[in-house]
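Asker: Below are the sequence and a predicted model for it; my questions follow.
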Amino acid sequence: EAQVTQNPRYLITVTGKKLTVTCSQNMNHEYMSWYRQDPGLGLRQIYYSMNVEVTDKGDVPEGYKVSRKEKRNFPLILESPSPNQTSLYFCASSLFPSSYEQYFGPGTRLTVT
Amino acid sequence: GQQLNQSPQSMFIQEGEDVSMNCTSSSIFNTWLWYKQDPGEGPVLLIALYKAGELTSNGRLTAQFGITRKDSFLNISASIPSDVGIYFCAGQLEGANDMRFGAGTRLTVKP
């Protein structure tokens, strides 16, 4: 089944404790991205990747890192999480960078205390 | 920051009614997309629009890419209870590779 998977689905952590949220797609998509969703703000893009080893900042990249060493994986790294990073995070992918029909993962709900 | 203004924020309608929502911007977009998000799930693409003036339907859903390239609307005809959810517009700004999303329209359909 073609899909985007994220892990973990739920995570509660403390301020400053490094964490990684994994994202994987099995559709051989070139373009992958991370979003955070907050009430009243919709989805805001954190980082995106046009292909392996190519990443760019989205709308709200501060406090986040990403890497794209393989085509299928695009992990989101929070080196020192803070409470304002408590949010619902979505990973998405699309076949080509110019194809904006993105497929979203199920989401990761992160709480930083 | 947010560059898409989506309205209304929420709608409460009776089953069978038609629904209309829209997104506007002061900037020009190359692509407009409409997504629906069910509770506890990621957004799912409903309609994609790539040309100014384009009008596209998907079942009871119809969306249009505004001629000025600064707006788009989504209509749902004869709403049913399973239409409940949050609808998002999204777009790719001219000259950019990132995607911008509206804040969403939360739709409630009363049987």
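Answerer: Happy to help now that I have it. Keep in mind the model is a prediction, meaning the values are calculated, not measured.
Asker: Those residues of chain B touching chain A, which are they?
Answerer: Applying C-beta under 8 Å from any C-beta of the partner chain, one finds that chain B approaches chain A through B:1-2, B:4, B:6, B:9, B:31, B:33, B:40-45, B:48, B:88, B:90, B:92, B:97-104. From N, CA and C alone the C-beta is placed, and that goes for glycine too.
Asker: Show the buried residues in the residues you listed.
Answerer: The neighbour-count criterion (16 or more other C-beta atoms under 10 Å in any protein chain shown) marks B:4, B:6, B:31, B:33, B:42-43, B:45, B:48, B:88, B:90, B:92, B:97-104 among these as buried.
Asker: from those residues, which ones fall inside strands?
Answerer: B:6, B:31, B:33, B:45, B:48, B:88, B:90, B:92, B:99-101 (DSSP state E).
Asker: what would these look like in CSV with distance to A:Gln45?
Answerer: Below are these laid out as CSV (distance: C-beta to C-beta, whole Å):
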residue, distance to A:Gln45
B:Gln6, 16
B:Thr31, 14
B:Leu33, 13
B:Leu45, 16
B:Ala48, 17
B:Phe88, 13
B:Ala90, 10
B:Gln92, 11
B:Met99, 6
B:Arg100, 7
B:Phe101, 8
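Asker: Point out the least confident one among those.
Answerer: Minimum pLDDT for these is recorded at B:Met99 (78).
Asker: Beta-bridge partners for that residue, please?
Answerer: Judged by DSSP bridges, the bridge partners of B:Met99 are B:Gln92.
Asker: how about B:Asp83, phi and psi?
Answerer: phi -80, psi -10 (degrees, to the nearest 10).
Asker: Once you drop chain neighbours, what's closest to it?
Answerer: Counting by C-beta to C-beta, 6 or more residues apart in numbering or on different chains, B:Asp83 lies nearest to B:Val109, which is 5.4 Å off, once chain neighbours are set aside.
Asker: what about residue 56, how many neighbours?
Answerer: In the absence of a named chain, this looks at chain A. A:Asp56: 15 surrounding residues under other C-beta atoms under 10 Å in any protein chain shown.
Asker: nope, chain B please
Answerer: When neighbours are counted by other C-beta under 10 Å, B:Thr56 registers 17.
Asker: In this structure it contacts B:Tyr50, no?
Answerer: No - in this structure B:Thr56 lies outside contact range of B:Tyr50 using C-beta atoms under 8 Å: 9.3 Å.
Asker: And for the helix or strand bottoming out on mean pLDDT in chain B, what's in contact with it?
Answerer: Least confident element among the helices and strands of chain B, by mean pLDDT, DSSP states H and E: strand B:99-101 (a mean of 84). Residues from elsewhere that reach strand B:99-101, judged by C-beta atoms under 8 Å, 6 or more residues apart in numbering or on different chains: A:33, A:35, A:42-45, A:48, A:58-59, A:100, A:102, B:2-4, B:33, B:88-93.
Asker: Does anything pack onto the one helix or strand B:Ser72 maps to? Which helices or strands?
Answerer: Per DSSP states H and E, B:Ser72 falls inside strand B:71-76. On a contact count with 3 or more C-beta pairs under 8 Å, 6 or more residues apart in numbering or on different chains; DSSP states H and E, strand B:71-76 meets strand B:19-24, strand B:29-37, strand B:44-49, strand B:61-65, strand B:85-93.
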